[in-house]
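Asks: Need coordinates for the following:
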Amino acid sequence: MDTIDQYRQIVRNLLQQYATFKSSRSTVKAEVIVDPEKDHYQLLYIGWDGSRRVYDVAVHIEITGDKVWLQRDNTDLVVAEDLVEMGIPRGVIVLGFRPSQLRQYTGYAVA
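Replies: The predicted model follows:
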């Protein structure tokens, strides 16, 4: 398995793990969306909280070239650190939700 395939598997495994966490709202479910052709991976929450519709993309990860772009981390977790713990090097992860001029201070890849 090549490096990018390993990254894909790590991302899928992590999002599947996150999807098992129980929501405090039983009518809201977690779904993992995988687009293998464009290398986009998302964890979203969908359902109803009383009369309020819930549709929230909690995590969006994109693999572009040799980088793993964390486009959204709307969680209480630290997704980037979990990716590192699972084997993706810090220098490959780009915090895409941070402005480009601030990425140099994050400890992760700039782009």
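
Asks: Give me the helices and strands touching the longest helix along the chain, please.
Replies: Counting residues, the longest helix found in the chain (DSSP state H) is helix 3-19. Counting contacts by 3 or more C-beta pairs under 8 Å, 6 or more residues apart in numbering; DSSP states H and E, helix 3-19 is packed against strand 28-35, strand 40-49, strand 52-64, helix 79-85. (C-beta placed from N, C-alpha, C; glycine too.)

Asks: can you list these in TSV and add distance to Ala109?
Replies: Listed next are the helices and strands packed on helix 3-19 as TSV, based on distance: least, C-beta to C-beta, whole Å:
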stretch	distance to Ala109
strand 28-35	22
strand 40-49	17
strand 52-64	11
helix 79-85	10
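
Asks: shaky segments in this structure?
Replies: Low-confidence segments of the chain, defined by pLDDT under 70: 23-25.

Asks: for the residue located most distally from the centre of it, phi and psi?
Replies: For the chain, the largest distance from the centre (C-alpha atoms, centre = their mean) belongs to Ser51, which lies 28.0 Å off. When read as degrees, to the nearest 10, the backbone of Ser51 gives phi -100, psi 10.

Asks: And it, how close does it get to Asp82?
Replies: With the distance defined as C-beta to C-beta, to the nearest Å, Ser51 ends up 34 Å from Asp82.

Asks: now Val28, which residues is it bridged with?
Replies: Gly47 (DSSP bridges).
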